[in-house]
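In: Dropping the sequence and predicted coords here.
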2 protein chains.
Amino acid sequence: MREGLIHSMLTGGALSWPNPPVIVGPGDDCAVLAMPETGHGGMLIATVDQVIEGRHFVRAGHWRAGELSWDLIARKAVARSISDIAAMGGRPLWALATGALPSDVSQPDAEALTIALHRWGTHWGCPIVGGDIASTSGPIVLTVTIVGQVGRPIVRSGARAGDEVFVTGRLGGSLASGRHATFEPRIVEGQWLASRLGPALHAMMDVSDGVGIDASRLGVASGVQIEIDGASLPLQAGVADWRAGASDGEDYELLFTAAPGTVQQMCGDHCAGTGTGLTRIGRVVSARDRSEAGCVVLDPAGGRHEGAALGWEHGR
Amino acid sequence: MREGLIHSMLTGGALSWPNPPVIVGPGDDCAVLAMPETGHGGMLIATVDQVIEGRHFVRAGHWRAGELSWDLIARKAVARSISDIAAMGGRPLWALATGALPSDVSQPDAEALTIALHRWGTHWGCPIVGGDIASTSGPIVLTVTIVGQVGRPIVRSGARAGDEVFVTGRLGGSLASGRHATFEPRIVEGQWLASRLGPALHAMMDVSDGVGIDASRLGVASGVQIEIDGASLPLQAGVADWRAGASDGEDYELLFTAAPGTVQQMCGDHCAGTGTGLTRIGRVVSARDRSEAGCVVLDPAGGRHEGAALGWEHGR
């Protein structure tokens, strides 16, 4: 679930939430909902994301760079939403999927896609319990809705001045390397961090559009400034420099802030179990006013760069 | 949520459900899920449906018959999923929406659509808590996922030989009259019938593709034959005959079966509160074998017509 019109319209304050169980509405990685007829102790989280042919993938046999098999198309569609669940520290429960398919997708291809969607849902612990397939005159549009469960949702708005800022794994080059289709959503890591750090884990989100712009969103949501040291960014092999690492989208790593010293003390430099690296990339500082909230990336020469300008802006 | 590939693939038995909380998977109007960390007494239901430009609607200003305003496009997208919730006897809780929008949808138009989606969600008691807007080179594709709550879900597979078969409202002419865009999903009626009839209400679904084909699906799901008296179908004004009434799609009325005599005794000929009519249109008879399960429509001259051939078949 990304920033977009629904977010901007609905967090603009023009519309209100009449239903008590909505704890977090649009604008975070997932919505957070109270479970009906239960007291405390458990919340549902929900997200939906789309993948669109020509934008998020190219079909195999369509003779362009980056073409994907049905299996990888389905994998990407499911993994993107799984990543949103991971970003809340949650556990996926079940999923719904839709496909708008053009007439040149044959019946066997449509079946291969459907089976692959189910397989990847099951792989990440959320069977596809329903869906809809319809025909379209345009490109393939797939959506995957995932409903999950969380004890304490880790939202974007919890970062505090003094926090340290971390990222899982390595950044950059996702499209060029093909990792945009094969990335491992950090579902285990998200739950592990939430459990390990407990209340010291203040804010978390997944890096889908570039760590610069995504950190900027986290900073704005929290009313703080995220200061990132460009030189500290953990780059994937082949990524040219800090700027590419901060700007490239589709990393699907976790970006989080925690009380100072707690990650070193409680986690070390990687997530136990998966071995995924944890790298400190910056700090949270107070924003003197609303215009300062966001993210600044410091380059190795000491120059300051607006985080919001580093990455992919939706709706542009 | 409609029949489609996901249904046929997954109810074919090729794939299994590893997650205990899935009570009803693909193939009914909604999936039915146990709520995590609760005992009995409450279940979640979930559905997703798509509306696609050129297939389910035509945009205003695109100079063809049946063109719709942004408000009515949003209304239809939400109402179709609400109708699925109604068909289970459930109550909507919250919704997620996506829009794949081509570049000729202006920013103000996209905002109008977004606001209208939210307004209609709220109108039917389920605020849109999240979503995603992306750009596409093809037609508009909207999806609306709704999660609801139900005490006892009314599924398609519960019809028993001896039941009477009923439909709410009137049938036919939905596209020609424009009702496909302005229909009232039977959300109040569905809950009222479930509450009023209790265990005497055996099976229910919404009529989206024509009462002939939809009754056929209910019959197959229940392993019985639904026998419909064509002459008894309650027709909308202007609908030519029983055949049109049985074949026209997008009625979004409720089709249900109940123990004999119970509807007359407990409900009468309409739903209290809304005044929506209840019409007995047939009966449930035993199917001697699998090939007899489905629906037969009897015409006024006594001819027998295969219900499955009367209506809109998805994926054709």
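Out: Noted; the coordinates are in hand.

In: pLDDT wise, what is residue A:39 at?
Out: On pLDDT, residue A:39 comes in at 46.

In: quick one: low-confidence ranges for the stretch 1-150 of chain A?
Out: Applying pLDDT under 70 to the stretch 1-150 of chain A picks out residues A:1-20, A:36-41, A:63-66.

In: Helices of that one, residue ranges please.
Out: All helices of the stretch 1-150 of chain A, identified by DSSP state H, counting those that start in this stretch, fall at A:5-10, A:70-87, A:107-123.

In: out of the ones you listed, which comes closest to residue B:114?
Out: helix A:5-10 (4.7 Å; Cβ to Cβ). In short, each C-beta sits where N, CA and C put it, glycine included.

In: related to what we said a few turns ago, could you take the helices of the stretch 1-150 of chain A and lay them out as TSV, with extra columns for mean neighbour count and distance to residue B:74?
Out: As requested, the helices of the stretch 1-150 of chain A are exported to TSV (neighbours: other Cβ atoms under 10 Å in any protein chain shown; distance: least, Cβ to Cβ, whole Å):
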stretch	mean neighbour count	distance to residue B:74
helix A:5-10	22	12
helix A:70-87	27	23
helix A:107-123	19	27
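
In: For those, please prepare JSON lines with the additional fields distance to residue B:188.
Out: Output for the helices of the stretch 1-150 of chain A, formatted as JSON lines (distance: least, Cβ to Cβ, whole Å):
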{"stretch": "helix A:5-10", "distance to residue B:188": "26"}
{"stretch": "helix A:70-87", "distance to residue B:188": "32"}
{"stretch": "helix A:107-123", "distance to residue B:188": "34"}
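
In: out of everything not next to it in sequence, what's closest to residue A:239?
Out: Spatial nearest neighbour of residue A:239, excluding adjacent residues (Cβ to Cβ, 6 or more residues apart in numbering or on different chains): residue A:172 at 3.4 Å.

In: Quick check: closest non-adjacent residue to the closest residue to chain B within chain A.
Out: Per Cβ to the nearest Cβ, residue A:138 is where chain A lies closest to chain B, at 1.4 Å. Excluding its sequence neighbours, the residue lying closest to residue A:138 (Cβ to Cβ, 6+ apart) is residue B:138, at 1.4 Å.

In: Surely that neighbour touches residue A:137?
Out: Yes: counting by Cβ atoms under 8 Å, residue A:137 is a contact partner of residue B:138 at 6.4 Å.

In: who touches both of those two?
Out: Counting by Cβ atoms under 8 Å, 6 or more residues apart in numbering or on different chains, the shared contacts of residue B:138 and residue A:137 are residue A:102.

In: Tell me the pLDDT of the residue nearest to residue A:271 when sequence neighbours are not counted.
Out: Excluding its sequence neighbours, the residue lying closest to residue A:271 (Cβ to Cβ, 6+ apart) is residue A:189, at 4.7 Å. Residue A:189 is assigned a pLDDT of 98 by the prediction.

In: Just say helix, strand or coil for residue A:189.
Out: When classified by DSSP: H, G, I helix; E, B strand; the rest coil, residue A:189 comes out as helix.

In: Look up how far residue A:270 lies from it.
Out: 9 Å (Cβ to Cβ, to the nearest Å).

In: Output the set of residues of the stretch 51-200 of chain A in proximity to chain B.
Out: A:52, A:54-55, A:93-94, A:96-100, A:102, A:110-111, A:114-115, A:117-118, A:122, A:125-139, A:141, A:143, A:145, A:147, A:149 (Cβ under 8 Å from any Cβ of the partner chain).

In: Could you list which of those residues belong to strands?
Out: A:52, A:93-94, A:96-100, A:128-135, A:141, A:143, A:145, A:147, A:149 (DSSP state E).

In: Quick check: ChimeraX command selecting the buried ones in the residues you listed.
Out: To isolate the buried members of these in ChimeraX, using 16 or more other Cβ atoms under 10 Å in any protein chain shown:
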select /A:52,93,94,96,97,98,99,100,128,129,130,131,132,133,134,135,141,143,145,147,149
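
In: about what we covered before: joint contacts of residue A:189 and residue A:270?
Out: Common neighbours of residue A:189 and residue A:270 (criterion: Cβ under 8 Å, 6+ apart): residue A:276.

In: Which helix or which strand is home to the spatially most central residue of chain A?
Out: Closest to where the C-alpha atoms of chain A average out (Cα atoms, centre = their mean) is residue A:206, at 3.1 Å. Secondary structure assignment for residue A:206, by DSSP states H and E: strand A:201-207.

In: Any idea how far the helix or strand that that strand is followed by is from the middle of the chain?
Out: Using DSSP H and E, the helix or strand that directly follows strand A:201-207 along the chain is helix A:211-222. Average the C-alpha atoms of helix A:211-222, do the same for its chain, and the two points are 12 Å apart (Cα atoms, centre = their mean, to the nearest Å).

In: close to chain B, is helix A:211-222?
Out: No: against chain B, helix A:211-222 shows no contacts by Cβ under 8 Å from any Cβ, the least distance being 14.6 Å.

In: Quick check: next helix or strand after that helix?
Out: Heading C-terminal from helix A:211-222, the first helix or strand you meet, by DSSP H and E, is strand A:224-229.

In: how many other residues sit next to the nearest residue to residue A:92 once chain neighbours are set aside?
Out: Leaving aside its sequence neighbours, residue A:92 sits nearest to residue A:126 (Cβ to Cβ, 6+ apart; 3.7 Å). As a burial measure, residue A:126 scores 27 neighbours (other Cβ atoms under 10 Å in any protein chain shown).

In: Cool, thanks, talk later.
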